[in-house]
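A.B. asks: Got a predicted structure here, sequence first:
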Amino acid sequence: MKRIGLIGAGQLGRMTIEACRPLLGHISVLSPDYPSPAGVLADEVYVGELEDYNAIMELADETDILSYEIEHVNTDALHDLELSGKTVIPPSYILTVIKDKQLQKTMLEQAGIPSAPWIPIELMPEAYTTGSSNTVRNAVLKSVQALGGFPVVQKARRGGYDGRGVAVLNSLDDKLLLVPSFVEKKIEIDKELAVLCAVDTFGNTAVYPCVEMVFDARANLCDSVLMPARITEKQHDEAVAIARRTIEALRLLLADHKNQLMQTHANYTPVFAGIFAVEMFLAKDGSILVNEIAPRPHNSGHVTIENCVTSQFMQYYRILAGYSLGSTEMVCPGMMINLLGEPGASGTPRYVGIEEALRVPGVSLHLYGKTEVKPFRKMGHLTAIAPTVEEAIRRAELAREKIKILSE
């Protein structure tokens with residue numbers, strides 16, 4: 001049985017460990033602190049920073065396969081491990097491209113995959129910290145004008161997560177991001193969609209049904225996910241086709257990189273595999289555009305724990321362990337709602353209304369075991385399944401009303 005090392009120990013790691021137990025999976029984690037959501041369930045815990053080169057090397061020494069549940073990890077360490085023959089899933093080069101959103105946009109553009117029009121902000125990285133605010137404002141304005149004017153979305157090249165690193169600009173009076181970034185034309189959105197794709201180590205790809213995501217404007221993060229999305233069959237098929245094209249573009253990108261490096265590094269044999277979430281916009285004009293890609297289990301896939309034959313987390317473990325893919329078939333409609341810390345909550349979490357929520361038919365709760373609650377912090381999620389989409393929504397919203405996550 002393969003020993004799996006997972007960089008990161010948040011809720012995605014926790015749910016992966018929970019999923020792997022029926023197959024006697026062995027997962028060690030690198031966690032920046034202890035206790036942590038995944039750390040308390042892992043077979044071994046290595047305490048260290050996710051960007052620490054040596055900490056990753058220590059984890060790799062004791063495991064057969066390495067992966068990560070968050071993008072913000074040391075890719076140099078992963079790349080060096082691959083050059084020595086260690087398998088990293090997904091490969092470090094894929095992570096390097098995806099975690100830099102400008103490189104990601106360039107890849108989509110070169111592959112002919114539809115996404116929002118964009119343009120770089122022509123500034124050296126040091127200008128954001130050493131230059132004047134007018135220097136940044138002028139550079140942003142120049143890019144906005146080249147794109148056709150306001151409104152735009154300014155996106156940080158790196159570090160964005162759960163709504164951070166994104167700024168909607170209607171004029172230069174709005175607060176700018178003072179980090180390396182680019183601007184993207186603001187799209188008039190009808191719905192936000194996502195398609196979860198699974199690629200195993202044998203080269204097979206499977207996709208889950210398209211989901212519909214609703215975002216919480218207060219916290220600028222995902223509020224709820226509905227499967228199946230309330231779109232036409234034609235739109236669903238188009239979204240799935242775009243997701244498959246996106247994954248194939250990543251596969252070809254890695255193949256080119258591999259061919260370049262193998263001339264000097266014979267041990268470099270990366271395996272294109274993993275779970276990928278392709279987030280998309282359904283624009284008001286009917287077009288479907290790729291927003292961004294996540295190279296890991298994703299919030300949009302939590303609903304699959306209850307409403308699909310194989311959950312995204314079991315699928316992820318099967319990929320890492322070298323097993324074939326499970327069925328991505330939807331068993332019934334389902335809705336997932338993120339459970340967030342209440343405004344003003346700070347400190348040790350206090351959960352109110354769990355018993356009442358569990359009385360709602362078809363409802364399941366997943367609490368992440370975080371030791372500190374903060375306003376709008378993801379502390380868990382609930383899922384409601386039902387014979388129809390409408391009933392799944394009703395059950396999920398009824399359960400949501402019962403639960404509050406406060407502080408002691």
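C.D. replies: Now that the structure is in, tell me what you want to look at.

A.B. asks: contacting residues for residue 296?
C.D. replies: Contacts for residue 296 (C-beta atoms under 8 Å, 6 or more residues apart in numbering) come out as 12, 67, 68, 69, 70, 71, 274, 275, 277, 316. Every C-beta, even on glycine, is put in place using the N, C-alpha and C of the backbone.

A.B. asks: Could you count how many residues lie near the second one?
C.D. replies: So the one you mean is residue 67. By other C-beta atoms under 10 Å, 29 other residues sit near residue 67.

A.B. asks: for the first one, same thing?
C.D. replies: For residue 12, the count of nearby residues is 26 (other C-beta under 10 Å).

A.B. asks: Can you show me the strands along the stretch 301-408 of the chain?
C.D. replies: With DSSP state E, counting those that start in this stretch as the criterion, the stretch 301-408 of the chain has strands at 334-340, 349-352, 363-367, 378-385, 404-407.

A.B. asks: Of all the ones you listed, which one comes closest to residue 25?
C.D. replies: strand 363-367 (18.3 Å; C-beta to C-beta).

A.B. asks: Would you mind getting the angle between that closest one and strand 334-340?
C.D. replies: 40 degrees (axes from the mean of the first three to the mean of the last three C-alpha atoms, to 10 degrees).

A.B. asks: those strands in the stretch 101-250 of the chain, which residues are they?
C.D. replies: Going by DSSP E, counting those that start in this stretch, the stretch 101-250 of the chain shows strands at 118-120, 152-156, 166-169, 181-185, 189-199, 205-207, 211-216, 221-227.

A.B. asks: who's in contact with residue 229?
C.D. replies: Applying C-beta under 8 Å, 6+ apart to residue 229 gives the contacts 191, 193, 209, 210, 211, 212, 236, 239.

A.B. asks: Of those, which is the most crowded?
C.D. replies: residue 211 (30 neighbours).

A.B. asks: What degree of burial does the residue nearest to that residue when sequence neighbours are not counted show, as a neighbour count?
C.D. replies: Leaving out its chain neighbours, the residue that sits closest to residue 211 by C-beta to C-beta, 6 or more residues apart in numbering is residue 227, at 4.6 Å. As a burial measure, residue 227 scores 27 neighbours (other C-beta under 10 Å).

A.B. asks: Was I right to think residue 227 contacts residue 196?
C.D. replies: No. In this structure, residue 227 is not within contact of residue 196 by C-beta atoms under 8 Å, at 9.6 Å.

A.B. asks: rewinding a little: any chance of the contacts of residue 229 in a markdown table, with pLDDT and distance to residue 50 too?
C.D. replies: Formatted as a markdown table, those follow (pLDDT from 0 to 100; distance: C-beta to C-beta, whole Å):
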| residue | pLDDT | distance to residue 50 |
| --- | --- | --- |
| 191 | 97 | 33 |
| 193 | 98 | 29 |
| 209 | 98 | 32 |
| 210 | 98 | 31 |
| 211 | 98 | 28 |
| 212 | 98 | 31 |
| 236 | 98 | 36 |
| 239 | 98 | 32 |
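
A.B. asks: Just flag the most distant two among the residues you listed.
C.D. replies: The widest separation within the contacts of residue 229 (C-beta to C-beta) is 14.4 Å, between 191 and 209.

A.B. asks: do you know which of the strands of the stretch 301-408 of the chain lies nearest residue 41?
C.D. replies: strand 363-367 (12.7 Å).

A.B. asks: ok, residue 236 touching residue 207?
C.D. replies: No. Under the criterion of C-beta under 8 Å, residue 236 makes no contact with residue 207, lying 10.8 Å away.

A.B. asks: Poorly predicted segments of the stretch 101-250 of the chain, please.
C.D. replies: Along the stretch 101-250 of the chain, segments meeting pLDDT under 70 span 131-132, 162-163.

A.B. asks: try 90
C.D. replies: Under the criterion pLDDT under 90, the flagged ranges of the stretch 101-250 of the chain are 122-137, 159-165, 172, 178, 215-221.

A.B. asks: what's around residue 336, how many residues?
C.D. replies: 29.

A.B. asks: Could you do the one 4 residues further on as well?
C.D. replies: Look at residue 340: counted by other C-beta under 10 Å, it has 23 neighbours.

A.B. asks: Let me know the pLDDT of it.
C.D. replies: pLDDT, residue 340: 97.

A.B. asks: mind listing what it touches?
C.D. replies: By C-beta under 8 Å, 6+ apart, the contact list for residue 340 reads 216, 219, 375, 376, 377, 378, 379, 405.

A.B. asks: just those residues now: which is nearest residue 351?
C.D. replies: Proximity of the contacts of residue 340 to residue 351 (C-beta to C-beta) peaks at residue 405, which lies at 5.9 Å.

A.B. asks: what's the domain layout of the chain?
C.D. replies: 1-88, 117-185, 188-327, 334-407 (automatic domain parsing).

A.B. asks: quick one, helices of the stretch 1-150 of the chain?
C.D. replies: 11-20, 53-61, 75-83, 92-99, 101-110, 127-130, 133-147 (DSSP state H, counting those that start in this stretch).

A.B. asks: let me redo that: the stretch 201-350 of the chain
C.D. replies: 233-262, 304-307, 312-321.

A.B. asks: coming back round to it: pull up the overlap in contacts between residue 227 and residue 196.
C.D. replies: With C-beta under 8 Å, 6+ apart, residue 227 and residue 196 have common neighbours 208, 211, 304.

A.B. asks: confidence score at the last one?
C.D. replies: pLDDT, the model's per-residue confidence, is 98 for residue 304.

A.B. asks: before we move on, what about the one 5 residues further on?
C.D. replies: Looking at residue 309, its pLDDT stands at 98.

A.B. asks: do residue 264 as well
C.D. replies: Predicted confidence (pLDDT) for residue 264: 88.

A.B. asks: coming back round to it: let me have the domains of the chain in TSV, extended by distance to residue 99.
C.D. replies: Formatted as TSV, the domains of the chain follow (distance: least, C-beta to C-beta, whole Å):
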stretch	distance to residue 99
domain 1-88	4
domain 117-185	6
domain 188-327	8
domain 334-407	20
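
A.B. asks: And those domains: which comes nearest residue 102?
C.D. replies: The nearest among the domains of the chain, by C-beta to C-beta, is domain 117-185 at 4.7 Å.

A.B. asks: Could you tell me the end-to-end distance of that closest one?
C.D. replies: 6 Å (C-alpha to C-alpha, to the nearest Å).
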